[in-house]
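Engineer: Test case, fold it:
(2 chains)
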Number of protein chains: 2
Amino acid sequence: MNINEYVIEKASIAKAAARKMAIIDTLTKNKSLIAMADALLQNTDVILKANEVDMENGRKKGLSPSLLDRLLLDTKRVEAMANGLKEVAALDDPIGEVIRMWKRPNNLKVGQIRVPLGVIGIIYEARPNVTVDAAALCIKSGNSVILRGGSEAINSNLAITKIISEAAESAGLPKGTINLIENTDREAVNVLMKLNEYIDVLIPRGGAGLINTVVKNATVPVIETGVGICHIYVDDSADLINAIDIIVNAKTQRPAVCNAMETLLVNKNIAKEFLPKLSKKLLSLNVELRGCPIVQSIIKDAKPATEQDWATEYLDLILSIKVVDSLDEALDHIYKYGTKHSEAILTNNYSNSQRFLNEVDAAAVYVNASTRFTDGGALGFGAEIGISTQKLHARGPMGLKELTSSKYIIYGEGQIRE
Amino acid sequence: MNINEYVIEKASIAKAAARKMAIIDTLTKNKSLIAMADALLQNTDVILKANEVDMENGRKKGLSPSLLDRLLLDTKRVEAMANGLKEVAALDDPIGEVIRMWKRPNNLKVGQIRVPLGVIGIIYEARPNVTVDAAALCIKSGNSVILRGGSEAINSNLAITKIISEAAESAGLPKGTINLIENTDREAVNVLMKLNEYIDVLIPRGGAGLINTVVKNATVPVIETGVGICHIYVDDSADLINAIDIIVNAKTQRPAVCNAMETLLVNKNIAKEFLPKLSKKLLSLNVELRGCPIVQSIIKDAKPATEQDWATEYLDLILSIKVVDSLDEALDHIYKYGTKHSEAILTNNYSNSQRFLNEVDAAAVYVNASTRFTDGGALGFGAEIGISTQKLHARGPMGLKELTSSKYIIYGEGQIRE
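Structural biologist: Model prediction:
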């Protein structure tokens, strides 16, 4: 069987399972998620042994320490995966919700009902916990899933999917609900991206390179996740003490994630008072500062920020800073360089707060809070499969509801169209 | 300026207009739609003169009578376009709706707000009224629009867009809200389909060939509209007199549209009683019948239905008929050959009605009514830009809400992430 046939076979198994999953009851889904959690815990040693093979291969290949860390599993991390499954089991089932229902003048009763998407393809990189998280969310939302993880984690993924698939099936889920593409050749992804007849949506999770490849090459609909060049604009009416806390949080609490701040915009009226205090704090936390000429004239340790800096998602302890004349200049800068992810204004001016909320086009727009809250857990969705930066279908953190579609059901009594 | 530069320039004008459109007030949008309607009426002679050029060229090119009919404009059709604009003006503005709002334990107030998609690209064929309909819906939903109609209608489209653009701009809409790609080379569409930086969504409207081309080649997200191989299943408990009315309506009231029925499935227990009565009626209405062997044994005028028939959207007065053993066989047939558009069961059996509603995966699923109700007007959405047969973003008739996205706005008071 060549790669093409192999991937199509997997996809057709997933499609057959999706038809059964669409009408499965909530209790069976929950029971299966709990069974999957228990199976992970009971087979921790099997998983860790497989993971050690991946780690060994990774070290031989010279993977970076941060990549090796993402790849690594230990008892705690396996427990965390199991707990994640139990948390998803505890969430409300989105399927079957009557979104709205109304009666037409001819007495037709029309309801819009939440249904699963069908088959969801997840293309991701080295983190084996994505295998479990993604499977859990897809199952709870009534979908089947095709997982395609990175080659670095293949042994871990094989062990994990075998364990959770068997547990899910024993607990009553259709065979083929969870599928791993075991072939880690790039060609397998190329086939997957074109299988419109089998796959309803593809969600790439990982770096910009992976996401761009999928967006550019897939004919299957894609939900784009990812890149966040997030800004905070400090208005001249902001509470400056509070502003330092928020900026430090947005930049340093977890710099490697997409909702961390990358560029700070400061109103010129407060720059001289504010920037020295702020820079002292940031430099003490080892944040490298890069600034426009005005910033450099105020902060002697700031390096020059180039055009490239404004367009860069550092994902690191680096911050670019620009002094702006006005809210309008801040809005223009964000319009030009923002990635429509998360943007914040710090202000006590009512009109400026409203303009920022209305005029900034992003998944999440904040007044007086850290951009770090843009995720499914922090906003209260319970879990998330990624953060959409596109406008179609889902925008911002995607929880269970964002893994669903809808259909209209119409109760008639013999109506015909005049 | 080459085609590439030309299309990018149009798209960048549309993008700049979208930024302004996103915050424009409802009154200005409504005033503009009314002004556009008035301008169409006042310039009817200009439009008809331009349309006559298209008609003349079409006749010379040997376009089919049905294509020429779709292309034709007359005073009545211009009035209908103007009335369409006024109807859209009267609809509720979807933008700014607070979809939901809640408070987090840390006191963050999170609201999900309806916002425009941004720039919508519409790729369509010969019907010049789409130019007006699409512009109206995009404007009311706060978007800018890039229109790319077929070459057959180019003179009509040029006249119409000039008239409505000028009227819209005089009434206060941003310059560049309505854009027509005047170049009718295929290459212009190829460029348009890849402009992810400028265009938020593409909606192809037309035949299967056009839609497939866009789905396969676009990197911009696409909403797929279209193909409907719609089924009606007559259960053995159905009211057979009523069933004839519904079937005749679904097949003959307007056979050329996507929600017309193409295949009839009849339970074996009633086939001998029902099919002769039904066929008499259908044959009197000039419907060509094609059937499985059992159908042929009952209806002597039925031609044999081939495998190809079950997979064909006739869009014509042709009906394929199959006798099935059970609801399960009907569900399997629909699963195999359906296009997830509109499917109906005629039954008086409660359990069968519920199974059909739950198990059929389609945009609209009916009990005891004609499939012809699947459109924005008939379901009560006021207007529609097409019928989505995909599951992502929008499913079924797309009205104003389906031309929107959302964003989260977060009111903080200094919150940081722990």
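Engineer: Look at the closest residue to chain B within the stretch 251-400 of chain A and say how many residues are nearby.
Structural biologist: Residue of the stretch 251-400 of chain A nearest chain B, by C-beta to the nearest C-beta: A:Ala369 (2.7 Å). Placement of C-beta: from N, CA and C, glycine included. Using other C-beta atoms under 10 Å in any protein chain shown, A:Ala369 has 28 neighbouring residues.
Engineer: Export stretch A:147-166 to CSV, keeping only CA atoms.
Structural biologist: Presented in CSV, the C-alpha positions along stretch A:147-166 are these (Å, rounded to 0.1, in the frame of the first residue of the first chain):
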residue,chain,number,x,y,z
LEU,A,147,-3.9,12.9,14.2
ARG,A,148,-0.7,13.7,12.4
GLY,A,149,2.0,14.5,14.9
GLY,A,150,5.7,15.3,14.2
SER,A,151,8.2,12.5,13.5
GLU,A,152,10.1,13.4,16.7
ALA,A,153,7.2,12.1,18.8
ILE,A,154,6.1,9.1,16.7
ASN,A,155,6.9,6.5,19.3
SER,A,156,5.1,8.4,22.1
ASN,A,157,2.2,9.0,19.8
LEU,A,158,2.0,5.4,18.7
ALA,A,159,1.9,4.2,22.3
ILE,A,160,-0.6,6.9,23.4
THR,A,161,-3.1,6.4,20.6
LYS,A,162,-3.0,2.6,20.9
ILE,A,163,-3.8,3.0,24.6
ILE,A,164,-6.6,5.6,24.3
SER,A,165,-8.1,4.0,21.2
GLU,A,166,-8.5,0.6,22.8
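Engineer: how about it: buried residues?
Structural biologist: A:147-165 (16 or more other C-beta atoms under 10 Å in any protein chain shown).
Engineer: which stretches of the stretch 251-400 of chain A form helices?
Structural biologist: A:268-284, A:293-298, A:307-310, A:327-337, A:350-359, A:376-379 (DSSP state H, counting those that start in this stretch).
Engineer: Near chain B, which residues of the stretch 301-418 of chain A? Just list them.
Structural biologist: A:335, A:357-359, A:361-370, A:372-374, A:378-380, A:390-393, A:395-396, A:405-417 (C-beta under 8 Å from any C-beta of the partner chain).
Engineer: show me the contacts for the closest residue to A:Ala22 other than its chain neighbours.
Structural biologist: With sequence-adjacent residues excluded and distances taken as C-beta to C-beta, 6 or more residues apart in numbering or on different chains, A:Ala22 is closest to A:Pro116, at 5.2 Å. Taking C-beta atoms under 8 Å, 6 or more residues apart in numbering or on different chains, we find A:Pro116 in contact with A:Ala18, A:Met21, A:Ala22, A:Ile95, A:Ser141, A:Gly142, A:Asn143, A:Leu403, A:Thr404, A:Ser405.
Engineer: Equivalent analysis for A:Tyr198, please.
Structural biologist: For A:Tyr198, the contact set (C-beta under 8 Å, 6+ apart) comprises A:Ile8, A:Ala11, A:Ser12, A:Ala14, A:Lys15, A:Val119.
Engineer: quick revisit: will you turn the contacts of A:Pro116 into CSV that also has neighbour count and secondary structure?
Structural biologist: Formatted as CSV, the contacts of A:Pro116 follow (neighbours: other C-beta atoms under 10 Å in any protein chain shown; DSSP: H, G, I helix; E, B strand; the rest coil):
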residue, neighbour count, secondary structure
A:Ala18, 26, helix
A:Met21, 26, helix
A:Ala22, 19, coil
A:Ile95, 24, coil
A:Ser141, 28, coil
A:Gly142, 27, coil
A:Asn143, 27, coil
A:Leu403, 26, helix
A:Thr404, 20, strand
A:Ser405, 25, strand
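Engineer: Mind picking the one among the residues you listed that's closest to chain B?
Structural biologist: Proximity of these to chain B (C-beta to the nearest C-beta) peaks at A:Ser405, which lies at 3.8 Å.
Engineer: Find the nearest non-adjacent residue to that closest one, please.
Structural biologist: B:Lys391 (3.8 Å).
Engineer: Could you measure from the one you found over to B:Glu402?
Structural biologist: Distance, B:Lys391 to B:Glu402, by C-beta to C-beta, to the nearest Å: 13 Å.
Engineer: what do you get for A:Cys230?
Structural biologist: Plainly put, A:Cys230 is 29 Å away from B:Glu402 if you go by C-beta to C-beta.
Engineer: More neighbours: these two, which one.
Structural biologist: A:Cys230 (29 against 23).
Engineer: In three-state terms, label the residue in the stretch 101-250 of chain A that chain B sits nearest to for me.
Structural biologist: Closest to chain B within the stretch 101-250 of chain A is A:Asn249: 3.7 Å, counting by C-beta to the nearest C-beta. Here A:Asn249 takes the helix state, with states given by DSSP: H, G, I helix; E, B strand; the rest coil.
Engineer: Give me the phi and psi for the nearest residue to it once chain neighbours are set aside.
Structural biologist: Closest residue in space to A:Asn249, ignoring its immediate chain neighbours: B:Ile416 at 3.7 Å, by C-beta to C-beta, 6+ apart. Per-residue torsions, B:Ile416: phi -120, psi 160 (degrees, to the nearest 10).
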